[in-house]
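S.K.: coordinates for the following, if possible.
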Amino acid sequence: APALTTHDASRTALHLLHTLATLLPATETDENGVETVVEPLPKTLCTLASPRCLSRLSQILLTFDPELVPSVASLLELVLKHNEKRLSRLYSTVNVIPPVKSNGSGDAISVQNRGCPRTLVLCPRLFNIFLQAGAFYFALAYPGSNLLEIARLLQLTHLRQAPRLNLGAAYSSASLAHRSYLGHVLPESLIYCLETYGPEVSECVSECTDFPSQKWDTKCLWL
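M.R.: Next comes the predicted model:
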């Protein structure tokens, strides 16, 4: 019999990765107490933030495990907090083999997820949606009530995604819903709660509360 179950092995692996990321932090504090970002970033953090590792870590969110999901959300926050390049691409964490045009249809695109033998044939519009079905959707699909770590990750990243930053001058004048990558999947009032109350907004979703800016009742929780 194995010494560790699959769940225990996953939990131990995440703990080790979190420890490695903590041992070599992305910031250092000088004698005056001023915190600065280390340049270049520690190799451990860069490796964990690489597209290959980031896609694997993001997919752990889909286990819906009440121990693994908060753990990996906390790890993602730690790894991405000071890595602006990778943080801005969190929306696209699907690790696919470069697409090849299908011979059967001039408009179809064949894609294959790395590590999965199945090939998908998608139209260009669905292909673009497929590439953007990353960590945000995985995190929002979590059905548990321990949402604090997920809320921290969303607060750190939702306004700093590349498609929104590419709006240029229009970004600063746009509404919060347009500036946030969550604007097309969450009510704007809930996004305002996330910015106003911080990660504690998770309490609005995980239980019946009566916030003046957002009311969640039993019906909302089951939608």
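
S.K.: skipping its backbone neighbours, what lies nearest the residue most central in space within the chain in space?
M.R.: Central residue of the chain (C-alpha atoms, centre = their mean): A135, 3.5 Å from the mean position. Nearest residue to A135 in three dimensions, chain neighbours excluded: S58, at 4.0 Å (C-beta to C-beta, 6 or more residues apart in numbering). (Glycine included, C-beta is placed from N, CA and C.)

S.K.: can you pull the contacts of the one you found?
M.R.: Applying C-beta atoms under 8 Å, 6 or more residues apart in numbering, we find S58 in contact with 72, 76, 90, 93, 134-135, 138.

S.K.: got TSV for those residues, with distance to H18, secondary structure and pLDDT too?
M.R.: Below are the contacts of S58 laid out as TSV (distance: C-beta to C-beta, whole Å; DSSP: H, G, I helix; E, B strand; the rest coil; pLDDT from 0 to 100):
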residue	distance to H18	secondary structure	pLDDT
V72	9	helix	95
L76	10	helix	95
L90	18	coil	87
T93	18	coil	71
G134	21	coil	76
A135	17	helix	86
F138	19	helix	86
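
S.K.: among those, which one sits closest to A21?
M.R.: L76 (10.1 Å; C-beta to C-beta).

S.K.: number of nearby residues for A174?
M.R.: When neighbours are counted by other C-beta atoms under 10 Å, A174 registers 14.

S.K.: let's see the pLDDT reported for R179.
M.R.: As predicted, R179 sits at a pLDDT of 87.

S.K.: make that V96, sorry
M.R.: Predicted confidence (pLDDT) for V96: 45.

S.K.: over to A21?
M.R.: pLDDT, read off for A21, is 93.

S.K.: can you check V121 too?
M.R.: 53.

S.K.: against Y137, how distant is H184?
M.R.: 11 Å (C-beta to C-beta, to the nearest Å).

S.K.: quick check: neighbours shared by those two?
M.R.: The contact sets of H184 and Y137 do not overlap (C-beta under 8 Å, 6+ apart).

S.K.: and those two? which has more neighbours close in?
M.R.: Y137 (16 against 8).

S.K.: that one: helix or strand, and which one exactly?
M.R.: Under the criterion of DSSP states H and E, Y137 resides in helix 135-140.

S.K.: could you check how far stretch 77-92 is from the centre of its chain?
M.R.: When C-alpha coordinates are averaged (C-alpha atoms, centre = their mean, to the nearest Å), stretch 77-92 and its chain have centres 9 Å apart.

S.K.: and what of stretch 176-191?
M.R.: Worked out by C-alpha atoms, centre = their mean, stretch 176-191 lies 15 Å from the chain centre.

S.K.: just the CA trace of it, in PDB.
M.R.: In PDB, the C-alpha atoms belonging to stretch 176-191 read as follows (Å, rounded to 0.1, in the frame of the first residue of the first chain):
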ATOM      1  CA  LEU A 176     -14.900  49.100 -12.700                       C
ATOM      2  CA  ALA A 177     -16.800  46.400 -14.500                       C
ATOM      3  CA  HIS A 178     -14.900  47.100 -17.700                       C
ATOM      4  CA  ARG A 179     -11.600  47.400 -16.000                       C
ATOM      5  CA  SER A 180     -12.000  44.200 -14.100                       C
ATOM      6  CA  TYR A 181     -11.500  40.800 -15.800                       C
ATOM      7  CA  LEU A 182     -14.400  39.600 -13.600                       C
ATOM      8  CA  GLY A 183     -16.800  42.200 -15.200                       C
ATOM      9  CA  HIS A 184     -18.400  39.800 -17.600                       C
ATOM     10  CA  VAL A 185     -19.000  37.000 -15.000                       C
ATOM     11  CA  LEU A 186     -19.800  38.800 -11.700                       C
ATOM     12  CA  PRO A 187     -22.300  41.500 -10.800                       C
ATOM     13  CA  GLU A 188     -20.600  44.900 -10.800                       C
ATOM     14  CA  SER A 189     -21.900  45.500  -7.300                       C
ATOM     15  CA  LEU A 190     -20.000  42.400  -6.100                       C
ATOM     16  CA  ILE A 191     -16.800  43.600  -7.700                       C
END
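
S.K.: alright, that wraps it up for me.
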